[in-house]
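K.L.:
coords please:
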Amino acid sequence: MIQRTPRVLIAGAMMVGMAGLGGCATKDYVNNQVSTVSTRVTDVSAHVADHDTKLAALDQTSREALERAQAAGKLAEGKFLYSEVLTDDSMKFKVSKADLSPEAQARLDAFVDKLKTDNRNVYIEVQGHTDATGSKSANYRLGEERAEAVRRYLNEHGVALNRIATISYGPDAPAQPNTKRAGREANRRVVLIVLA
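P.N.:
Next up, the predicted model:
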């Protein structure tokens, strides 16, 4: 029995030692994990701060862009003065053509003279229109060609290019139904909008 007691004591001491070592290992493990998580939290905090800085810069950029757009919108609004619809027989375009007839040129000369007489800084929007025959893409291109022909003519006769804008409506804004020949002829036109 006496010999057994030291063995039991030795076994007990070993068990207590192992439990103590296990506690130390757990403490070291927890410290390592906390250190790793702390490093990650620091990294995430740095990324969040970086993103906040970038968002603030984007917010400022967005505000500046909005202010520029609003200023441009005020300039573009302009005050409508009058429109010149060149749709009579002298201005109607032939099918799939953008050429200005001598009669159309005479009408544009009168328009330019009116602009010079008014002696105002105006902006002109030249709208090109087509009938509904043919594909939409071809009609948009043809409407742009008609508007550009008028724009070039106006520029050649003294109207500054930076005061003329062109747009093609193609077949989308007919003046008359495209079901009859007369309606299709009326839709092949150019409209001049004068803005102050």
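
K.L.:
can you pull the contacts of the closest residue to residue 192 other than its chain neighbours?
P.N.:
With CB to CB, 6 or more residues apart in numbering as the criterion, residue 192 has its nearest non-adjacent residue at 4.2 Å, and that residue is residue 84. Using the backbone N, CA and C atoms, a C-beta is placed for each residue, glycine as well. When contacts are counted by CB atoms under 8 Å, 6 or more residues apart in numbering, residue 84 touches 111, 191-192, 194.

K.L.:
Can you tell me which of the residues you listed are classed as buried?
P.N.:
111, 191-192, 194 (16 or more other CB atoms under 10 Å).

K.L.:
just to revisit the earlier point, next, give me the two most distant ones among the contacts of residue 84.
P.N.:
111 and 191 (11.8 Å; CB to CB).

K.L.:
Out of the buried ones among the contacts of residue 84, which comes closest to residue 134?
P.N.:
residue 191 (20.1 Å).

K.L.:
How is the chain divided into domains?
P.N.:
Per automatic domain parsing, the domain ranges recorded for the chain read 1-77, 78-195.

K.L.:
rank these by mean pLDDT and give me the bottom one.
P.N.:
When the domains of the chain are compared on mean pLDDT, domain 1-77 scores lowest, with a mean of 68.

K.L.:
so where do the helices sit in this structure?
P.N.:
Secondary structure of the chain, counting by DSSP state H: helices at 4-77, 102-118, 136-156, 181-187.
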